[in-house]
Every structure is written in structure tokens, then in C-alpha cells.
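In: Mind looking at a prediction? Sequence and model below.
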Amino acid sequence: MEKYGSLIGLIDGMASDFLFIDGREIDMLTAGKFLNNLEELIKETDSLKVFPLKNVAVGLNSLLEKIVLDDIDDKESGFNVLEKGIALMQEIGESFTNTGSYEGDIESFMESIEVLTGEQASEEVKEASTEEPQPVETIDEMQDDSLLRDFIFEGLEYIDEIEVNLLNLEKEPEDLDCVNTIFRPFHSIKGVAAFLNLETIRDFAHSLENLLDRVRSKELSVSSELIDIILDGADALKALIIELKDELEGNPGQPLKIDMADLKRRIENVEQDDTDTTKVKKLGTILVEDGAISEDTLEKGLESARQLKPPKKIGEALISDGKVTPKQVSQALRKQTGQAADTAVIRVNIKKLDDLIDMVGELVITQSMIRQNSFILSNPDRRLNKDIARLSSITSELQETSTRLRMVPIKQTFQRMSRLVRDLSRDAGKMVGVVTEGEDTEIDKNMVEEISNPLVHMIRNAVDHGIDSSKVRIKAGKPEKGLVKLKAFHRGGNIVIEISDDGKGLDRDGILNKAIEKKLIDSSQDLSDQDIYKLIFHPGFSTASKVTNISGRGVGMDVVKQAVEKLRGKIEIDSVISKGSTFALSFPLTMAIIGGMIVRVGKERYIIPTTAIRQLLRPVKESYTIIIGKGETITVMGNILPLIRLYKAFGIEADYKNPWEGIVVVVEGENKSKCLLVDEILGEEEVVIKSLGESMKSSKGVSGGAILGDGKVGLILDPEGLFELSEM
Amino acid sequence: MGIDKEMKILLVDDFATMRKVIKNLLKQGGYNSIVEAEDGVAALKVLKSEKVDFIISDWNMPNMTGLELLKAVRADSDLSGLPFLMVTAEGLKENVVVAVKAGVSNYIVKPFTAEVLNEKIEKIIG
């Protein structure tokens, strides 16, 4: 029959190839060819339903795989069975071509394959034995120092690469290429270490490689814990290689400080944790644990459930045997699914999350528009009012929950920074320790990356400029080792990140002189310490007297300031000469929603971020004065604060020109407070920030727009921008 | 055995130290004509520009893996007959079947001695 033509072709091809094999052992190339032929054969026999042929082909396929993997001890009979198998396939093929069926017996042949391949137990023993380190005799003669030196050099380079790639992996946990770039160096180090008989390094690289292999095969997911462990592992590996280097250079200095046993345990724990949590307890086990049945009953129940036709589930079987009540089973089932739910974590594309949070933002606004609709407000229907109230409480809860979805602990960022301190101090030849506090403080995931650059820069500054060398420190009566402290906490609607060092502090006069020299300020200006410190954020300002590898790359603190302001954050500096400096960055918790005070000026509405507001008042006439050099001021609780007339700043018409007729809002920004004159306070509202688009980006004093509860648009004021505007 | 010890061997591995290790082992076996490449892409460049008699390649490399290199070699009518020895690690033994199907001449599991390497080479071209 024609339809078996291609099958016959495949088999005949194999048969003729077989004739050309030299000796009684199959070579790799022919084996590869056969495996491909068999794969095709299995596919075709399956679709043509030529099952006897398929079975033989499947058997031969597994036999060949074992031969190729060198897993068959009796090579001679392996080869014979292969020969027999090909002949048998020819026979079956012929029979199908002629009669459309095959009446012969393939059982005995299949058995002979099983005898060869089915020795599971002995095979495993063999696997394990090949894992054992095999002493390689020839190594000693070739283990010249140059090879070791190469290994040390290249190995260290590779580990550095791992660290960089780990950071990428943290950003893209799903990126398998990224996992591979981390896997590969461990793999290579292990490979060479095995050749060089460096057992500790080999074993350790091997366990890390294994861990990553499980990430590659999706058995483990990328978590911050995993990243930490790999980082620590990379460190330990580095230390081991450096130890080797020291030995080679003849100065076996310090013994290893890393607790290898502990690290190995952690690596293993990742593995165990994972298997523990993914495994859901069996229903039977839960029933036994609940005391509903005995171990013995369970065994018997399982046995009888299996024998039933069709087989029943254990729960059903036990119920029909009257061993348990349906209620007990349903309780156990609930426990089982509860377990599964506990461990269920899903990964969601951040874009989807962003969209969700955006939509929730819109929902909040629409909800608030409905609530403020005059028809609703004047509607006496109590039921309607109750429902509306409920709607708004649900929406605000929804908003809170959805915002929280995007929050992650700042831990990872801090760890990266700690690592940075370590590396930087090493490069700078200084001794610097790191302390972190508040690692569990949560931050919007979208901000993590944005704050990373400013943080890196400030830490560089702290290590490079802030902290002196050990010598200088000892002279100054400080501990030899410098300290950088990273602290995070929530304050109001803000997350605050503090970077402190116990270095020499900011040089107030140095900064001042330099600023005057650079004509950033004029010498007659009377500036507070805070104002002087702020000068370092001025573009182009840098006090670094020499350019080092670490800082002084031409990127100044102005970049930090810009990055922070982009996130609507601010920087405060606190510094005591010879004691140290603290830079406090504070950012709104989320980038999407702010609480704002709605104010009216003439026909316009503005939103002032609640976090910036210190006070609202209607000043008395006497508190208004004009001070030469400062302009209009209002005295608020003893402080003389500059007045900004919003209508003037934006060039619009206002109802009131006199501060004592309108309302004054005291806002704080950049370490100073000023008064904003408005007509009226309309209320407080949560608003979703809308970007004004590229063309409006440079407009000072306004950071965005928002749709208000009544559907009208309001501009969100940026106090610091306003201050700058008023000082121009 | 009629093995030409002067044959030119292309050694592909991204880890320079590993190349040095294998080179040393090859030299112990009397093979002195060795060219190196740091990954599959570089290897293909070498293969385009000079005549090579034998390829020894690592499996796991950036840019182009050993398997991809093998497939590219087998797909190129000028190179398809070249002996190709794949170097793998024990953990990746299951990959061997894939390589064999792609037409690898043989494979060798790290770490290995000069003798084992010699044996494998002889098995392929002997």
C-alpha cells in the first residue's frame, strides 16, 4: 500500500546505514541520524496508527538514547538488539504494506530492550558515581602557576559580571537570558576548577550552578531572597579565589571570614522551602491528621479505590465505605485548597498593574463626580445616599489596595547600595561599613529604579568625599572604620530615605567661597547654613579637589536634585563639621495619587499638595509689611515669610488683592516657607496626577493637572517651582 | 592509527582559562596546531577564513552556543563534514541526545584527562 511508503523509506534508510557501521559499536553520527529517523517514524506511525511499529521505534529510541549517553554496560548486546530491531521494523513494515496489519509478536523483542534499558536502580547508582569527583592525574604536571593565575584573574572578572547581571535579573526576573548570563560564569568556573583540582571552589560553584539551573527550568522563581543568596554565594566564591591568589603569592594572610557551611545551608533551604510550599498535602493525609480515619483505614481505602472500575477518588471511596462523613471530606478539601491558596503567588506584568491602578484612579474621580452631582446632593432618597456612601468607601479601599499592589520593600535597593559601599570603599582604599534600618519600608515599584541613580550618586559622594581615610580618621579621634547609614521610614504620605555618614561633614565656608568664586551667589548675601548646603545642587558645582575613579566624573549633585524633583521629592541636608552629614530624600509614596487642597483664585482652581501645606490663615492687616530686599512679607507666628500672590504669578484676575481679605496658605518647600495668597479654600481631595504633556513640561510652578470631583480641571502647584518663579 | 597530529583543531570556549587547560591537554596528546575562538560567532569567522580539520567546542557560551555552532556547521555545505567534539558538563548530560541528533561527532564530559580526550579524538577520526 502506498500510504506506508514513507515509513518503509525511513526504515530501509536505517537498515542500509546500519550495514556501513564499522565494527560492533555504533558511532555518534549514525546514532544521531537514527534518533532523527526514529523521531520521524514515531510521529508517522502514530498518525497512521501502525502501533506495533511505533512501539518498536519507541523502544529503539530509548535504547539509542542510553547508548549515546553511555548508560548501557553491555555494549555488545545493545548493538545486537539494535540490529534485531531494525530487521523487525522492516518485517512489520512489509506486513502492513501487504496486508494492512501485523500478526507477529513483538513482545519478546520489547522485553529484550527492557532488559537493557530498564535497569533503573543500577543506573541511578551509576549516575551518582559519575558525579563523584574523579581525580585527574595529569593535572599536577600541568597545574603550573600561570594556569592558576589565569583562572584567578578570569574567575574574578566573571564574578564581577555576575553581580552586574544579578541587578538586571532583579529588574527582569522573567528574563531567561539574564538567568543564563549568571549561570554561565558559575558553570565555567566550576568547569575549570574541576580541571585544576580546586575541589572547594568546584563544589561551591556547582551548588550555585545547580540553584540557577533550577531557576532556568522554572522550578524556582526569582525572589529577593534568591538574589541575596546568589550575591552572597558570588562573594564567597570570590573570597575563595582570592584566598587561592594569596596562597599563590605566598602570603596566606587572613583566613576566610565567610561561613561556608551556613551559606550552603541557605542554598539548600531555598530548595527545601520551595518544595515544601509547592507541595499540597494529600487529602488522605489531611483526613488522618484530622483524626477522621486511621493510617490503616487510609491504606485500605486507597487500595480499594484503586481497584474500583472506574477508579474513584479517595474521598468518594471512603464516604461510600462509610468510613468518613461527607462533611469531614469537605472540610479536608477546604484545608487542601486553603493550603494551595496560601502559596499561590502569581506574577503580573507591571504594565497591567499600572493600567489597573490608572483605571482605579479614574474610578475614584468618577465616583467623586457622581457624589458631588447636584442631583445626587439634593436627592432626599436615604437609600441612594447610603449606597453612594458605600460606593465611595469601596472605591477608596480599592484604591488603597491597588496602590499597595505595586509596593515592594526597599530592602533590595538597600542591599544594592550596601554592596556599592563595600565596592567603592575598596576602590578608594578606605574602610567603610554599612548599617541599614527600615528595610521593610515599602516603596512604589516604579520608583525603585528612579531613586536608584540619585542614591548611588549620594553614596559615592559619602564614600569619596564624606569619609576620610583611616589615618585621618584616627587622627581626628574617630573609629578607624567609617560608617554609612541607610535608613528608610514613612512619614505622612512620604517615604523618607536618609543617607548618613560619619565623615568630615560639609565644608560650609568652602562651599560658600567656591559659590562666590563661581559667581553663583554674591558675597553680600546673608545665607543660612541650609541655603549654603543647597548650593552644592547648583549645576556645575563640585568641591572635589581631585578627580577620582569614584566621583568627580562631571556629574554633580544637580543631577541628583533633578532626579529627586522629577519624583516630586525633596532633599534636606543636615551636616555638622567633622561629625558627618545626613542627606534626607523624601518622596511621595506613590507617583500616581496625591492628597491636595483645592483653592480658588478668580475663576481658576489650583491644587496644593497637602504635604506641602503648613498652615492656612487670614492674616491681620498689621502682619503685612514690605521689607527691602525681601519684598512683601507676612508675619506668621513670629516668622516673617515672603508673600506670593498667585494671581500675579499666573497673570490672572483675582477677587481679592489684599492679603487680609483673602486666604493665605503657608507652604513649605526646599527648607523654607512662603505664603501663597488665594481667594478661597474649596476643600480637600485625593487627585490622580495627569501629566501636562511634553509641551508644558517646562512650565515653572505647576507640576501637573488633575480632574476634580466636579469634572473640571485644576492645576497642581509645585511650591518649589513657585518659589523660584517668585525669586526671579 | 593513522591520525594526523598536525591537523588544525579549532577550540571554542568563552572561558580563556578553559581553553588553556584543554590546549595543554591537546599538546600532551601531541596536537600542536590549535586555533581558538571565544564563542560560536567567532568560531564561524575562523571557519570562514581558514581551513580547520577538527572542532572542539564548549556547549554553554554567550552569543552562540556550542549547539547552535554545531547546527550552523552541519548546515553549511562547505563545513558539514567537519568532525565536531562537544564539551559538556555532567549536569547537562541529557543535552547530549539533542547534540547527537544535531549531528555531533562525539562528546566529552568535563573534567577529562589527556588520555580520554585522545581516545575521543581517535574514535572520531581513527
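Out: Perfect, I can see it now. Numbers count the residues shown, from 1 in each chain, chains lettered A, B, ... in the order given.

In: Any regions of chain B where pLDDT drops low?
Out: B:1-2, B:90-94 (pLDDT under 70).

In: So which bits of it are right by chain A?
Out: B:14-18, B:20-21, B:24-25, B:28, B:60-62, B:89-91, B:93-94, B:96-97, B:100-107, B:109-115, B:123-124 (Cβ under 8 Å from any Cβ of the partner chain). Where C-beta positions appear, they are placed from N, C-alpha and C, glycine not excepted.

In: does A:M14 really touch A:F34, like I thought?
Out: Yes: using Cβ atoms under 8 Å, A:M14 makes contact with A:F34 at a distance of 5.8 Å.

In: Contacts only, for the spatially most central residue of chain B.
Out: Centroid-nearest residue in chain B: B:I56, 1.0 Å away (criterion: Cα atoms, centre = their mean). Counting by Cβ atoms under 8 Å, 6 or more residues apart in numbering or on different chains, B:I56 touches B:9-12, B:22, B:26, B:85, B:87.

In: Return the members of the residues of chain B next to chain A classed as buried.
Out: B:14-18, B:20-21, B:24-25, B:28, B:60-61, B:89, B:91, B:93, B:96-97, B:100-107, B:109-114, B:124 (16 or more other Cβ atoms under 10 Å in any protein chain shown).

In: so how far is the helix or strand hosting the residue nearest to the centre of chain B from its chain's centroid?
Out: Here B:I56, judged by DSSP states H and E, is contained in strand B:54-58. Computed by Cα atoms, centre = their mean, to the nearest Å, the chain-centroid distance of strand B:54-58 equals 1 Å.

In: other SSEs contacting the helix or strand just after that strand?
Out: Remark: after strand B:54-58, the chain's next helix or strand is helix B:66-75, criterion DSSP H and E. On a contact count with 3 or more Cβ pairs under 8 Å, 6 or more residues apart in numbering or on different chains; DSSP states H and E, helix B:66-75 meets helix B:40-49, strand B:54-58, strand B:84-89, helix B:95-101.

In: Can I take it that A:I286 is in a helix?
Out: Yes: A:I286 forms part of a helix when assessed by DSSP: H, G, I helix; E, B strand; the rest coil.

In: residues near it, how many?
Out: 20 (other Cβ atoms under 10 Å in any protein chain shown).

In: how near is it to A:E303?
Out: 19 Å (Cβ to Cβ, to the nearest Å).

In: before we move on, what about A:I626?
Out: 98 Å.

In: Could you do A:D246 as well?
Out: Noted for A:D246: a distance of 63 Å to A:E303, by Cβ to Cβ.

In: Of the two, which one has the most company?
Out: A:D246 (14 against 10).

In: Go ahead and report the secondary structure state at the more buried one.
Out: Strictly by three-state DSSP, A:D246 counts as helix.

In: One more: A:R605?
Out: Quick answer, by three-state DSSP: A:R605 is strand.

In: Ramachandran coordinates for the closest residue to it other than its chain neighbours?
Out: If you skip the residues right next to it in sequence, A:R605 has A:G714 as its closest partner in space, 4.1 Å away by Cβ to Cβ, 6 or more residues apart in numbering or on different chains. Here is the backbone geometry of A:G714 (degrees, to the nearest 10): phi -130, psi 150.

In: now A:G714, which residues is it bridged with?
Out: Counting by DSSP bridges, A:G714 is bridged to A:A706.

In: Let me see the contact set for A:S726.
Out: A:642, A:644, A:649, A:674.

In: Show me the residue sitting in the middle of chain A in space.
Out: A:E170 (3.8 Å).

In: That one is in contact with A:D228, isn't it?
Out: No: counting by Cβ under 8 Å, A:E170 does not reach A:D228; the two are 10.2 Å apart.

In: and the strand or helix carrying A:L486, how far out from the chain's middle?
Out: In this assignment (DSSP H and E), A:L486 forms part of strand A:482-491. Computed by Cα atoms, centre = their mean, the chain-centroid distance of strand A:482-491 equals 21 Å.

In: what lines up beside it in the sheet?
Out: Sheet pairing here is set by DSSP bridges, and for strand A:482-491 it gives strand A:432-437 (parallel), strand A:494-501 (antiparallel).

In: Give me the contact list for that strand.
Out: Contacts of strand A:482-491 (Cβ under 8 Å, 6+ apart): A:410, A:414, A:417-418, A:421, A:425, A:430-439, A:441, A:443, A:459, A:462-463, A:466-468, A:473, A:495-503, A:586, A:589.

In: which of those residues are buried?
Out: A:410, A:414, A:417-418, A:421, A:425, A:430-432, A:434, A:436, A:438, A:441, A:443, A:459, A:462-463, A:466-468, A:473, A:495-503, A:586, A:589.

In: So, low pLDDT: which residues of the stretch 251-400 of chain A?
Out: A:252-258, A:271-281, A:305-313, A:334-345.

In: rerun that using 50 as the cut-off
Out: A:272-279, A:340-343 (pLDDT under 50).

In: Run through the helices of it in chain order.
Out: Assigned by DSSP state H, counting those that start in this stretch, the helices in the stretch 251-400 of chain A fall at A:260-278, A:283-289, A:295-307, A:314-320, A:326-343, A:350-372, A:374-377, A:382-405.

In: Can you tell me which of those helices is nearest to A:I92?
Out: helix A:295-307 (34.6 Å; Cβ to Cβ).

In: buried ones in the closest one?
Out: Going by 16+ other Cβ under 10 Å, helix A:295-307 has these buried residues: A:297-298, A:301, A:304-305.

In: Can you tell me which of those residues comes closest to A:I241?
Out: A:L298 (53.1 Å).

In: Please name the residues that touch the closest one.
Out: A:284, A:287-288, A:314.

In: Relative to chain B, how far out is it?
Out: 37 Å (Cβ to the nearest Cβ, to the nearest Å).

In: A:L156 too?
Out: Applying Cβ to the nearest Cβ to A:L156 and chain B gives a distance of 11 Å.

In: In what element of secondary structure is that residue found?
Out: In this assignment (DSSP H and E), A:L156 forms part of helix A:145-171.

In: How far does the very next helix or strand once past that helix sit from its chain's centre?
Out: Using DSSP H and E, the helix or strand that follows helix A:145-171 in sequence is helix A:176-195. Computed by Cα atoms, centre = their mean, the chain-centroid distance of helix A:176-195 equals 22 Å.

In: swap in stretch A:80-91?
Out: 55 Å.

In: Now tell me what touches that stretch from outside.
Out: A:11-12, A:14-15, A:18, A:26, A:41, A:53, A:56-57, A:59-60, A:63-64, A:67, A:102, A:104, A:106, A:109, A:112-113, A:116.

In: what do you get if the cut-off is 7 Å, keeping everything else the same?
Out: Residues from elsewhere that reach stretch A:80-91 (Cβ atoms under 7 Å, 6 or more residues apart in numbering or on different chains): A:11, A:14-15, A:18, A:26, A:53, A:56-57, A:59-60, A:63, A:104, A:106, A:109, A:112-113, A:116.

In: quick one: low-confidence parts of the stretch 1-150 of chain A?
Out: Ranges of the stretch 1-150 of chain A meeting pLDDT under 50: A:119-142.

In: Please repeat the previous calculation with a cut-off of 80.
Out: A:1-3, A:20-24, A:73, A:117-146 (pLDDT under 80).

In: quick one: the helices in it?
Out: Using DSSP H, counting those that start in this stretch, helices in the stretch 1-150 of chain A cover A:5-19, A:28-48, A:51-68, A:75-99, A:107-117, A:120-131, A:139-142, A:145-171.

In: Please identify the most buried of the ones you listed.
Out: Compared across these, helix A:51-68 shows the largest average neighbour count, a mean of 22 (mean count of other Cβ atoms under 10 Å in any protein chain shown).

In: now the helices of the stretch 251-400 of chain A as a markdown table including distance to A:G93?
Out: Below are those laid out as a markdown table (distance: least, Cβ to Cβ, whole Å):
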| stretch | distance to A:G93 |
| --- | --- |
| helix A:260-278 | 46 |
| helix A:283-289 | 48 |
| helix A:295-307 | 39 |
| helix A:314-320 | 46 |
| helix A:326-343 | 49 |
| helix A:350-372 | 54 |
| helix A:374-377 | 81 |
| helix A:382-405 | 60 |
